[in-house]
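Colleague: Just a sequence and a predicted model for now, questions to come.
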Amino acid sequence: MSSAHKHVHVLGAAALALAAVACGSSSPTNPTPTPAPQPANIAPVIGQMAASQSAYRTGRLTANATDSDGQISSANIDWGDGTTTPLTTGFASISQTHRYARAQSYTITLRATDDKGTTAQSTRSVTITVPPEACLGILVIELCARSTSDFKNLQVAAKAGDIVLAGITVTDGNPSIAMPLAAGFGRLTLSHNFTSGRLTISGEVCPVPFLVCDSVGSRVIQF
């Protein structure tokens, strides 16, 4: 083959290579699609929340927790005194009670978390009060009891008309105690449940001191 023919052959091969590159560069590509934006998670909603004193030493919280784009996975009640109550069900109709150790005001916080981890919270205040003095007439005597603000002591007094027959303190560590009545009016036993605020009175009272005495059975003062 002559040098001239060899030169033409090389040029032809180069032209074919350039054409192949040109064709390859002009072929269409498939770009990576942009993901559609996800809607933002909507936080839970706490509604109809109310707090009140419902009984002796006891606060009650009612509320509901809902989630419009999912579901509530857990909730927690902080009673404001260092104690909490976790909830795992019943979020649509929450009703919980708690016994407090002292009469004062507390801030109750309810937190609800949805299935995507978003939390909402709401607070309410509750005031726990000392129950008013409670009295009970037993034959010829009147027995009155009142609690202290820490609910650890119960002060009890007995009278027959204007005559003071006895005054005694029932403590949390000694919930049952004998209470002799002066001037021959008898003898009572006091039993107090410091959790429920229930005072039970038993023994005997003497309508005629030293002479005529009657059993009082079991009488109750409920705070």
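Modeller: Here it is on my side, so go on.
Colleague: ok, the helix or strand harbouring Thr62: who's next to it in the sheet?
Modeller: Element membership of Thr62 [criterion: DSSP states H and E] is strand 58-66. When sheet partners are counted by DSSP bridges, strand 58-66 sits next to strand 45-55 (antiparallel), strand 94-99 (antiparallel).
Colleague: Quick check: buried residues in it?
Modeller: In terms of neighbour count (16 or more other C-beta atoms under 10 Å), strand 58-66 has its buried residues at 58-65. Backbone N, C-alpha and C define where each C-beta goes, glycine included.
Colleague: What lies in contact with it?
Modeller: With contact meaning C-beta atoms under 8 Å, 6 or more residues apart in numbering, strand 58-66 is reached by 44-54, 72, 75, 77, 79, 91-100, 106, 108, 110, 112, 120, 122, 124, 126, 128.
Colleague: Off-centre distance for that strand?
Modeller: 8 Å (C-alpha atoms, centre = their mean, to the nearest Å).
Colleague: Kindly calculate the angle that the next helix or strand after it makes with strand 58-66.
Modeller: Per DSSP H and E, strand 58-66 leads on to strand 72-78 as the next helix or strand towards the C-terminus. Interaxial angle of strand 72-78 relative to strand 58-66 (axes from the mean of the first three to the mean of the last three C-alpha atoms, to 10 degrees): 160 degrees.
Colleague: Strand 72-78 packs against which elements?
Modeller: Strand 72-78 sits against strand 58-66, strand 84-87, strand 94-99, strand 105-114, with contacts defined as 3 or more C-beta pairs under 8 Å, 6 or more residues apart in numbering; DSSP states H and E.
Colleague: hey, what's Arg187 bridged with?
Modeller: Pro180, Glu204.
Colleague: check contacts around it.
Modeller: Arg187 neighbours (C-beta under 8 Å, 6+ apart): 178-181, 203-204.
Colleague: Asn153 now?
Modeller: Counted by C-beta under 8 Å, 6+ apart, Asn153 has contacts 147, 169-172.
Colleague: Recalculate using a threshold of 7 Å.
Modeller: 169, 171 (C-beta atoms under 7 Å, 6 or more residues apart in numbering).
Colleague: Please apply the same query to Ser196.
Modeller: So Ser196 contacts Tyr56 (C-beta under 7 Å, 6+ apart).
Colleague: now Val170
Modeller: The contact partners of Val170, by C-beta under 7 Å, 6+ apart, come to 154, 156, 177, 190, 192.
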